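the following block contains a protein sequence and its predicted model.
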Amino acid sequence: MHENVVVSADWLAERLDEVRVVDVRDGWEYEGIGHLPGAVNVPFDRFRSADADDAGMLPGAETWADLLGGVGIGNDDTVVAYDDMHGVFAARFLVTAELYGHENLHLLDGDFSSWQSEHETTTDAPDPEPTEYRVRDSEDSPLVGRTEIEAAIDDSDAVLVDTRTPEEFADGHLPGAINVDWLDLVDDETRGLKSRDELRSVLEASGVTPDRRIVLYCNTARRISHTYVVLSHLGYDDIEFYEGSLTEWMEADGELETG
């Protein structure tokens with residue numbers, strides 16, 4: 001992703017006819033509460049694997065292609081995603097899109113609230129023309145697996161970042177990991193990201209600096225998606241994404257530290 005991945009409601013309002021907007025909230029919220037004009041609804045559960053063996057992981061290339069093509073998104077479209085949970089679900093959509101080769105991706109800062117407070121919403125759903133979406137290989141994929149994580153634990157240049165709550169972290173985390181709760185990067189009032197200076201202060205206080213190899217994990221890759229977007233927004237370029245996270249690690253009886 002790129003440093004302008006996070007956009008404001010005003011930025012989006014000026015370009016609403018030029019981009020494809022994706023609402024990842026549940027259908028009842030999209031229909032009952034209203035949504036951004038022209039936004040298509042792709043609920044969170046539709047772009048996660050439903051397979052019991054890898055629940056919550058990537059949905060599969062064919063499923064993803066059918067999903068985006070079905071709502072009329074083309075490979076070259078600029079996509080802006082939003083939710084009503086500080087962007088964490090929308091970030092997962094965007095990271096999934098990047099991993100399947102889509103470019104030109106943006107997160108609406110401040111989630112649905114930032115749009116609703118200043119701009120009109122609608123309950124009219126668009127009727128997009130389906131497209132033939134083609135999954136492409138992502139260049140320089142940030143995905144890493146268990147083997148890379150084992151190596152990172154012993155790598156003094158790597159910082160393993162656990163994006164879960166402090167309570168979860170204390171119960172068990174990867175050896176040598178540090179804890180940066182993804183919500184510590186969110187401004188409580190605006191529901192969007194803290195300022196760039198505040199974000200850097202939070203991250204660098206924990207040793208998460210741009211010159212390090214940053215390896216992100218949580219439980220099922222939702223919360224790390226938000227942190228991945230934040231780091232991209234700040235210009236970090238050595239970010240690794242452990243999608244299997246603790247779910248995979250613990251299933252393989254991986255070592256944990258507590259406290």
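Yes, it's here.

straight-line length of stretch 187-204, end to end?
Distance across stretch 187-204, first residue to last, is 17 Å (C-alpha to C-alpha, to the nearest Å).

any buried residues in that stretch, and which?
Within stretch 187-204, the residues that count as buried by 16 or more other C-beta atoms under 10 Å are T190, R191, G192, L193, K194, L199, R200, V202, L203. Any C-beta I mention is one placed from the backbone N, CA and C, and that applies to glycine too.

again, but for stretch 8-20
A9, L12, V19, R20.

from A39, how far out is the last one?
Using C-beta to C-beta, to the nearest Å, one gets 9 Å for the distance from R20 to A39.

point to the residue nearest the middle of the chain.
For the chain, A91 is the residue whose C-alpha lies nearest the centre (C-alpha atoms, centre = their mean; 2.4 Å).

if I pick it, what's in contact with it?
The contact partners of A91, taken as C-beta atoms under 8 Å, 6 or more residues apart in numbering, are A81, L107, S225, H226, Y228, V229.

and those residues as JSON lines, adding neighbour count and pLDDT?
Below are those laid out as JSON lines (neighbours: other C-beta atoms under 10 Å; pLDDT from 0 to 100):
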{"residue": "A81", "neighbour count": "25", "pLDDT": "98"}
{"residue": "L107", "neighbour count": "29", "pLDDT": "98"}
{"residue": "S225", "neighbour count": "27", "pLDDT": "97"}
{"residue": "H226", "neighbour count": "28", "pLDDT": "98"}
{"residue": "Y228", "neighbour count": "27", "pLDDT": "98"}
{"residue": "V229", "neighbour count": "28", "pLDDT": "98"}
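
name the SS class of the residue nearest to the centre of the chain, please.
Three-state assignment for A91 (DSSP: H, G, I helix; E, B strand; the rest coil): helix.

do the one 5 residues further on as well
Secondary structure assignment for T96 (three-state DSSP): helix.

surely it and P59 touch.
Yes. Counting by C-beta atoms under 8 Å, T96 sits close enough to P59 to count as a contact (7.3 Å).

find the residues that touch each one of those two.
Joint contacts of T96 and P59 (C-beta under 8 Å, 6+ apart) are F47.

export stretch 68-87 as CSV, just CAs?
Extracted C-alpha coordinates of stretch 68-87, given in CSV (Å, rounded to 0.1, in the frame of the first residue of the first chain):
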residue,chain,number,x,y,z
LEU,A,68,-15.8,-8.4,-6.6
GLY,A,69,-17.0,-9.1,-10.1
GLY,A,70,-20.5,-9.6,-8.7
VAL,A,71,-20.6,-6.1,-7.3
GLY,A,72,-19.2,-4.5,-10.5
ILE,A,73,-15.7,-3.8,-9.4
GLY,A,74,-13.0,-4.0,-12.1
ASN,A,75,-9.3,-4.7,-11.7
ASP,A,76,-8.3,-1.1,-12.4
ASP,A,77,-10.9,0.6,-10.2
THR,A,78,-9.9,2.8,-7.3
VAL,A,79,-11.6,1.3,-4.3
VAL,A,80,-12.5,3.1,-1.0
ALA,A,81,-13.7,0.8,1.8
TYR,A,82,-15.4,1.7,5.1
ASP,A,83,-17.1,0.2,8.1
ASP,A,84,-18.4,1.5,11.5
MET,A,85,-15.7,0.0,13.7
HIS,A,86,-12.8,2.4,13.3
GLY,A,87,-11.8,0.9,10.0
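
for that stretch, which positions count as buried?
68-69, 71-73, 75, 77, 79-87.

closest to F169 out of those residues?
H86 (19.2 Å; C-beta to C-beta).

next up, the contacts around the closest one.
Residues in contact with H86, defined by C-beta under 8 Å, 6+ apart, are D111, L183, V186, R191, G192, H226.

quick check: closest non-adjacent residue to it.
V186 (4.8 Å; C-beta to C-beta, 6 or more residues apart in numbering).
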